[in-house]
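Undergrad: can you look at this prediction? I've put the sequence above it.
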Amino acid sequence: MKRILSTAGTEFRIALRNRWVAIALVLMAVFSVVLALAGSAPTGGLGVDRLSVTVASLTSLSVYLIPLLALLMSFDAIAGEAERGTLPLLLAYPIAREEVLIGKLMAHLGILALAVLLGHGLAAGMALWGDATALAGLPALWRLSWSSVLLGATFLGAGYALSALSRRPSGAAGLAIGLWLGLVVLYDLALLAAIVADNGGWFTTKAFPVALLVNPADAFRLFNLTASGATAAASGVASAANAIPLWQSLSSILLWPLAALGLAAAAFRKVTP
Amino acid sequence: MTSTLTISALTKHFGELAALTGVSLSVAPGERVALLGHNGAGKSTLMKIILGLIPATGGQITICDAAPGSVAARRAVAYLPENVAFHPSLTGEEQTRHYLTLRGENPALAMGLLERVGLGQAARRRIGTYSKGMRQRVGLAQALIGQPRLLVLDEPTSGLDPVSRREFYTLLDELAAQGASILLSSHALTEVEARTDRIVILSKGRLVAEGSLADLRRRASLPVMLHITARNGFAADIAQSLPGAIVVDGALHLTCTQSEKLETLGRIAGLGDRIADLDVLPPSLEDIYSHFSQRSAR
């Protein structure tokens, strides 16, 4: 346990000095404040409180930002050690590879959680300050917070796996950006295009819900929007998938972190220094 | 006395390539063994197998009665990889504290270790500001953690200046005196001269020579060079009485085998005051090394 904590402490220090902590905190804070301010505009018209509206916007933001931050923090985890020549040394120490991964995960996930807490805290504060009924949105915000951390864990695991597979930081960075573009941006565009082309056929009714659930980013968006009932304030892909029950998207966001970290552990085990 | 490290008939293949073939070696407690070879001779591969980082294709290894890579073996062995560069954002002290914790030791020992390798002044600076020699010292400091029974050091003195090298070997002497076994690799025989008990030469994955420097020198039996400076005008005269001598810039160069050395010296002494000076050049360490590593290559 001491070994894991020491690894986590060391990784946190590195992230602090590389300014990843500052970048994550500032990004989340700035975007949350901007969205909280923007979210105050349509209040009343939709019959929901300010915070619920902000949560809907924050959900859309987190889908992009959290995976990006997670991948940026994790791509160097194993490839960087390999490049510096510290990987063989580390593996010659009496520490298991899984312990190394868990230590790094604790540090990186901790940073993400801090960033999420700061951003969401600011958003909640601003909403409550202007609108007392915004208290009604707190459960939704809390749900968004913990599911954001889970989403982060999924992409951290994916980042570690890519880092272990590519063995070079530059290659890992490329793969990480590719994964982000693929899962977060292009995936939804492709689904949208397919739905338009399909025109209400088999794809829209059968394949589409499954396609949303297997992508951790879409499952995250789906879960938060259906759970908060804020779909009215959101548009696009999520509102088209109202039919998917909550437990399905919940299982997806709970299972993905485990799967991604299992993948990372398997990829790391295959690395020969 | 049981060996700290025993390797028998070790073989490693990377696909078609035979990286190590039938290597057998044992290292006793307190013994300092130098592993010599060209790049690609199999030194690093051998070390990684000893550390359990890569599996062997065949043969057996035991480290302090444990299998390579087992927890018991990893506790007993310290390692210094070749060209290791620690994270530039950490200070020497932070990095050493982390390694101490990983070995289950008290992290407060970090400063003492860094002072021992001459990094006390720079301990609180980031490793990114260190020179290559200083980074190598951090690597050495971590290898000293927790009284290891076996130190595996891959090119430990690369990047160190001659004074640091001397300090480094003094440190190794202390460790060996306390019973630690040391296996270090190097490109150069000159460097490990007199600082190691035994030399092992690897060439193309095979162990081609093993023994003390004196042993190797005797077995190689390379010719001795004699440089004779003649008094003015006597050069041609001397060349006649010493068959095989060649005149180079007014001096005479003569080579003879180890066994003929004394006899040849006697004949030179017999030439009396026609000789101004005489230098006897034994085969250099590099010659001995090339002799063994090239013989096998043929």
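TA: Right, received. Where do you want to start? Residues are numbered from 1 along each chain as shown, chains lettered A, B, ... in the order given.
Undergrad: how about residue B:7, what does it touch?
TA: B:23, B:24, B:25, B:26, B:46, B:50, B:59, B:60, B:61 (Cβ atoms under 8 Å, 6 or more residues apart in numbering or on different chains). For glycine as for every other residue, the C-beta is placed from the backbone atoms N, C-alpha and C.
Undergrad: what about residue B:110, how many residues close to it?
TA: 25 (other Cβ atoms under 10 Å in any protein chain shown).
Undergrad: any part of the strand or helix carrying it near chain A?
TA: Using DSSP states H and E, residue B:110 sits in helix B:110-116. No: Helix B:110-116 lies apart from chain A when judged by Cβ under 8 Å from any Cβ of the partner chain; the minimum separation is 11.9 Å.
Undergrad: residues in contact with that helix?
TA: B:92-93, B:96-97, B:100, B:120, B:123, B:137-138, B:141-142, B:144-145, B:171.
Undergrad: which residues of the stretch 1-150 of chain B fall in strands?
TA: Ranges of strands within the stretch 1-150 of chain B are B:5-14, B:17-27, B:32-36, B:58-63, B:77-80, B:150-153, based on DSSP state E, counting those that start in this stretch.
Undergrad: return the most buried member of those.
TA: strand B:77-80 (a mean of 26; mean count of other Cβ atoms under 10 Å in any protein chain shown).
Undergrad: from the contact counts, what lies against that strand?
TA: Contact here means 3 or more Cβ pairs under 8 Å, 6 or more residues apart in numbering or on different chains; DSSP states H and E; on that basis strand B:77-80 packs against helix A:86-92, helix B:132-143, strand B:150-153.
Undergrad: which residue does the stretch 101-250 of chain B have closest to chain A?
TA: Residue of the stretch 101-250 of chain B nearest chain A, by Cβ to the nearest Cβ: residue B:101 (3.8 Å).
Undergrad: residue B:30: neighbouring residues, count only.
TA: 16.
Undergrad: pLDDT wise, what is it at?
TA: On pLDDT, residue B:30 comes in at 89.
Undergrad: do the same with residue A:110
TA: Confidence for residue A:110, expressed as pLDDT, is 95.
Undergrad: burial measure for it, as a count.
TA: Counted with other Cβ under 10 Å, residue A:110 comes out at 16.
Undergrad: could you do the one 4 residues further on as well?
TA: Counted with other Cβ under 10 Å, residues neighbouring residue A:114 total 14.
Undergrad: quick check: closest non-adjacent residue to it.
TA: Counting by Cβ to Cβ, 6 or more residues apart in numbering or on different chains, residue A:114 lies nearest to residue A:25, which is 6.5 Å off, once chain neighbours are set aside.
Undergrad: please report how far that neighbour lies from chain B.
TA: To chain B, residue A:25 is 18 Å away according to Cβ to the nearest Cβ, to the nearest Å.
Undergrad: ok, that residue touching residue A:121?
TA: No: counting by Cβ atoms under 8 Å, residue A:121 is not a contact partner of residue A:25; they are 11.2 Å apart.
Undergrad: ok, residue B:221 touching residue B:258?
TA: Yes: in this structure, residue B:221 is within contact of residue B:258 by Cβ under 8 Å, at 5.1 Å.
Undergrad: mean confidence (pLDDT) on the helix holding residue B:110, please.
TA: Helix B:110-116 comes out at a mean pLDDT of 92.
Undergrad: tabulate the CA atom coordinates of that helix in PDB.
TA: Extracted C-alpha coordinates of helix B:110-116, given in PDB (Å, rounded to 0.1, in the frame of the first residue of the first chain):
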ATOM      1  CA  ALA B 110      17.500   9.700   0.800                       C
ATOM      2  CA  MET B 111      19.800  12.600   1.800                       C
ATOM      3  CA  GLY B 112      22.400  10.200   3.200                       C
ATOM      4  CA  LEU B 113      22.400   8.100   0.100                       C
ATOM      5  CA  LEU B 114      22.700  11.200  -2.200                       C
ATOM      6  CA  GLU B 115      25.600  12.500  -0.100                       C
ATOM      7  CA  ARG B 116      27.300   9.200  -0.400                       C
END
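Undergrad: buried ones in that helix, by neighbour count?
TA: Using 16 or more other Cβ atoms under 10 Å in any protein chain shown as the test for burial, helix B:110-116 gives B:110, B:111, B:113, B:114, B:116.
Undergrad: pull the CA atoms of the one helix or strand residue B:266 maps to into PDB?
TA: Assessed by DSSP H and E, residue B:266 sits inside helix B:261-269. Below are the C-alpha coordinates for helix B:261-269, written out as PDB (Å, rounded to 0.1, in the frame of the first residue of the first chain):
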ATOM      1  CA  LYS B 261      60.800 -11.900 -24.000                       C
ATOM      2  CA  LEU B 262      63.700 -12.500 -21.500                       C
ATOM      3  CA  GLU B 263      66.000 -13.900 -24.100                       C
ATOM      4  CA  THR B 264      65.500 -10.900 -26.400                       C
ATOM      5  CA  LEU B 265      66.100  -8.500 -23.500                       C
ATOM      6  CA  GLY B 266      69.300 -10.400 -22.800                       C
ATOM      7  CA  ARG B 267      70.400  -9.900 -26.400                       C
ATOM      8  CA  ILE B 268      69.600  -6.200 -26.300                       C
ATOM      9  CA  ALA B 269      71.500  -5.800 -23.000                       C
END
